[in-house]
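Peer 1: Next one to model:
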Amino acid sequence: MTRAEQAAQLFAEGYNCAQAVAMAFCDLTGFTKEQTAKMVSPFGGGFGRLREVCGAVSGMTFVFGQLYGYETPNQEAQ
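Peer 2: From the prediction side, this is the model:
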């Protein structure tokens, strides 16, 4: 199953769009699905459900940060 299919399945199960996208990458980020669902839950439907920033984009940004972000102010992103 592709990550897109996983995300679609998770969304169909009732997770919001940010959760579904981020949870499809748990094997890479090292977080459990439960941890990920909790961390990104506020981003479904956009920030605070205002629908201004797509929840799927927010979930994707979370994954990018986990995989390629930096940890200290002087460190460059990978």
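Peer 1: hey, let's count contacts and neighbours off CA atoms from now on
Peer 2: OK.
Peer 1: Lowest average confidence across helices and strands of the chain, where is it?
Peer 2: Sorting the helices and strands of the chain by mean pLDDT, DSSP states H and E puts helix 55-68 at the bottom, at a mean of 91.
Peer 1: For it, list the C-alpha coordinates in CSV.
Peer 2: What follows is helix 55-68, C-alpha atoms only, in CSV (Å, rounded to 0.1, in the frame of the first residue of the first chain):
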residue,chain,number,x,y,z
GLY,A,55,-4.4,20.3,7.1
ALA,A,56,-2.7,17.9,4.6
VAL,A,57,-0.1,20.5,4.0
SER,A,58,0.4,21.0,7.7
GLY,A,59,0.8,17.2,8.2
MET,A,60,3.3,17.1,5.3
THR,A,61,5.2,20.0,6.9
PHE,A,62,5.4,18.1,10.2
VAL,A,63,6.9,15.1,8.4
PHE,A,64,9.4,17.2,6.6
GLY,A,65,10.5,18.8,9.9
GLN,A,66,11.0,15.4,11.5
LEU,A,67,13.0,14.1,8.6
TYR,A,68,14.9,17.1,7.4
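Peer 1: The chain should start at 28 in everything you say after this.
Peer 2: All right, first residue 28 from here; so that's helix 82-95.
Peer 1: Give me the contact list for that helix.
Peer 2: With contact meaning Cα atoms under 8 Å, 6 or more residues apart in numbering, helix 82-95 is reached by 43-49, 52, 55-56, 67, 70-74, 104-105.
Peer 1: what's the offset of it from the middle of its chain?
Peer 2: 5 Å (Cα atoms, centre = their mean, to the nearest Å).
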